[in-house]
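Undergrad: quick one, fold the following:
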Amino acid sequence: MNIGELRLSAVTEGYPNTTTNISLAGSFPTNFLIALHPGFKVQGRVVSESLQPVSGAKISRIMGPVTFEVKSGDDGKFLSPDILPGNIRLLARADGYQQIITNLVMQNGDLELDLVLTKGLLMSGRVVDQEGKPVAKVAVYASSGPFDTDQLDLDTMTDAEGRFRWNSAPSKPVPLQFHATGYNGGGDNLSGQLNVWKPTSEEQTFTISKVGEIKLSGIVTDAETGEAIPSFRVHLEEEHVGTFGLPPLGAGENGQFLITTQISGKGFGSPFVRISADGYAALASESFSPTLTQKTFDFKLTKDAGIRGKVFDSTGLAVSAATLRLVSQFEFAQLNSSFAFTQSSAPGQAISDNEGSFLFRERRAAIGMVVLHEKGFKYVPLSDQKNLEITLDSLASAEVKVVLSGKPVAGQLVNIIYQTEFGAFSAYLQGTTDADGVVLFQKVLPLESLVCISVSSLKGKGNLMSHTKLVVLKPGELNRIQLGGSGRLVRGRLQASENEKIDWTTVMGSLRLQMGPPIQAPPRGRDLTMAEQYRDPSFGFAVEANGEFIIRDVTHAEKSRLSISGTGEARFYYSQQVTLPDGNSDVDLGVIDVTGKILRANFR
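TA: Okay, the predicted model is just below:
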């Protein structure tokens, strides 16, 4: 049986919906326990600025282990389902109003509050092509963009004159994405085209460009004999972008190919052609301009038997149905919280047979190989190996407890992170602590990994790691880890001049301890190891509306650096060296002035 999990949900009156993951590794469990904890409700009204009820408003929980959405009634009132204790984010939106996000802490009972919505602005736009002609049936979306993380509820289509309208726009710039077949950012290519709407009552015009055509042709021969390669595959790829899941552009035979295709020219790098054939090493061309209308190539392929080998478990038995992935600096593999690859398939993938054997006909530019099975895991760095014997390490499990200021913390997001150099392979597992401050990861990689808390600003913008800890997870064991539980409290207050109005609830920061000499940048061709990258613990924190911040359970170090960053409309970065005195007494950093550090987001 392949590695996987069965997710079960328990639903009963008076308790929040509770989910648990049951591992499918080994024998299927016949008895298991689902613990239900009493929950709380959020109730209240959605009203306008004049305190009139807003009916039909959608109130939803976002970024939680269990999400929900309810609507307000004619009287503006709403009532949530039962919610587990902890931090929650509520999103409220209604037609004709600007949406709001409210952060709440559910600890000691039900909460009652009013959600006040501000009248939305009218967004009026027109989409045209490069000749100024209107483009109909263009899908228009609000993008989170690089400056904000709001989930704006814009999803509309341009009319026959290329026009669109939205009456719930916020009073700030909104990055937009346009998708249309035959145009850059359309449904027939991978990259969206980004434009920004600026708050104004006037109609704004946005230009999208048509996808261009190019004729690709060439000759493909054996580098040693000069003979034509009978059959081969033609791939169109892009610099700095992985190609997992993408089929070949076309095929060639008798040493020749001729393909006409579309190139958007709006991606991350210039396109290039790669030729692959069984029994030969893949070969890539130099990159070329996406504005060309034709390009001819001459490929000479070198024989290569690829990579082959066998997979064994820890007892020496052959392992069948193991999934193997080749990874490189631009073609990645990632495990998610369900302990599955985020891509279901990839060109650089193989499955071991009944004898544990596997074969990659193409080596590509692989720097490593990931092997995953219910019996274990292995990451294999690659150099010039042709035949491999891979013995899997048994999987581990982990129990993480979060304790801050001497008390367990419920509803806290906990991450277990692992990555190889250049991020070619990574695992990002996330869980939420229960009422006892504990989260159980039934399957984790038996590797040195980073365990940390995930922290956002009070407005839910951005994400920082906190109380980071490097641990070596032992295979075949339950690894118990505690975050926090010792150290001292560090506090301070941010301020800025009256002219630089900052919504401090969009600001967050990090206190990073320096546990040794500064880490030197690695030489070219090498990346920082996990131990180097995360040697120094960091403590992320959110900032209150009055600029105050508190960091709990900070351990001691000779040196430390405090970094503050703003998100949303007022972006800034501030950093200073901080010396924490010896001992365990609380530390007050006093007032920190960030006047002059603000860099307004430039949407022009």
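Undergrad: quick check: the residue located most distally from the centre of the chain vs Ser231, distance?
TA: Residue farthest from the centre of the chain, counting by Cα atoms, centre = their mean, is Thr225 at 47.5 Å. Distance of Thr225 to Ser231, given as Cβ to Cβ, to the nearest Å: 16 Å. (Glycine included, C-beta is placed from N, CA and C.)
Undergrad: one more: Ile564?
TA: 59 Å.
Undergrad: can you check Asp110 too?
TA: 68 Å.
Undergrad: can you give me the end-to-end distance of stretch 485-505?
TA: 26 Å (Cα to Cα, to the nearest Å).
Undergrad: now it: buried residues?
TA: By neighbour count on 16 or more other Cβ atoms under 10 Å, the buried set for stretch 485-505 is 485, 487-490, 492-494, 496, 502-505.
Undergrad: same question, stretch 321-330
TA: 321-328, 330.
Undergrad: okay if I get these as CSV plus distance to Pro248, secondary structure and pLDDT?
TA: Shown next, in CSV, are those (distance: Cβ to Cβ, whole Å; DSSP: H, G, I helix; E, B strand; the rest coil; pLDDT from 0 to 100):
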residue, distance to Pro248, secondary structure, pLDDT
Ala321, 26, coil, 94
Ala322, 25, coil, 94
Thr323, 21, strand, 93
Leu324, 20, strand, 92
Arg325, 18, strand, 91
Leu326, 16, strand, 88
Val327, 20, strand, 86
Ser328, 18, coil, 77
Phe330, 17, coil, 64
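Undergrad: residue nearest the middle of the chain, spatially speaking?
TA: Nearest residue to the geometric centre of the chain (Cα atoms, centre = their mean): Tyr428, 8.9 Å.
Undergrad: residues contacting that one?
TA: For Tyr428, the contact set (Cβ atoms under 8 Å, 6 or more residues apart in numbering) comprises 334-337, 415, 417.
Undergrad: out of the buried residues of stretch 485-505, which comes closest to Val543?
TA: For these, the residue nearest Val543 by Cβ to Cβ is Trp504; the value is 4.6 Å.
Undergrad: longest strand of this structure?
TA: strand 212-222 (DSSP state E).
Undergrad: who's in contact with the residue nearest to Ile259 when sequence neighbours are not counted?
TA: Closest residue to Ile259 apart from its sequence neighbours, by Cβ to Cβ, 6 or more residues apart in numbering: Gly250 at 4.5 Å. Contact analysis of Gly250 by Cβ under 8 Å, 6+ apart lists 233-234, 257, 259, 261.
Undergrad: and with 10 Å instead?
TA: By Cβ atoms under 10 Å, 6 or more residues apart in numbering, the contact set of Gly250 is 216, 233-236, 257-261.
Undergrad: just Val138 next, same as before
TA: Taking Cβ under 10 Å, 6+ apart, one finds 125, 127-128, 156-159, 162, 164, 178-181, 183, 185-186, 206, 208 in contact with Val138.
Undergrad: try Leu90
TA: Applying Cβ under 10 Å, 6+ apart, the residues near Leu90 are 42, 44, 59-62, 64, 68, 78, 80, 100-104, 111, 113, 115, 460.
Undergrad: same check on Ala521?
TA: Leu528.
Undergrad: phi, psi of it?
TA: phi -60, psi 140 (degrees, to the nearest 10).
Undergrad: quick check: the gap between it and Glu532.
TA: Counting by Cβ to Cβ - Ala521 and Glu532 are separated by 10 Å.
Undergrad: and if you look at Asp586?
TA: 31 Å.
Undergrad: helices of this structure, start to end?
TA: 530-533 (DSSP state H).
Undergrad: could you chop it up by domain?
TA: With domains defined by automatic domain parsing, the chain comprises 1-36, 42-119, 121-207, 212-301, 307-391, 488-600.
Undergrad: is it correct that Ser201 is in contact with Ser124?
TA: Yes: between Ser201 and Ser124 there is a contact under Cβ atoms under 10 Å: 7.8 Å.
Undergrad: which of those two has more neighbours?
TA: Set Ser201 next to Ser124 and count neighbours by other Cβ atoms under 10 Å: Ser124 wins out with 17 against 7.
Undergrad: tell me who's in contact with the more buried one.
TA: With contact set as Cβ under 10 Å, 6+ apart, Ser124 has these partners: 163-167, 169, 197, 200-204.
Undergrad: please redo it, this time with the cut-off set to 7 Å
TA: 165, 203 (Cβ atoms under 7 Å, 6 or more residues apart in numbering).
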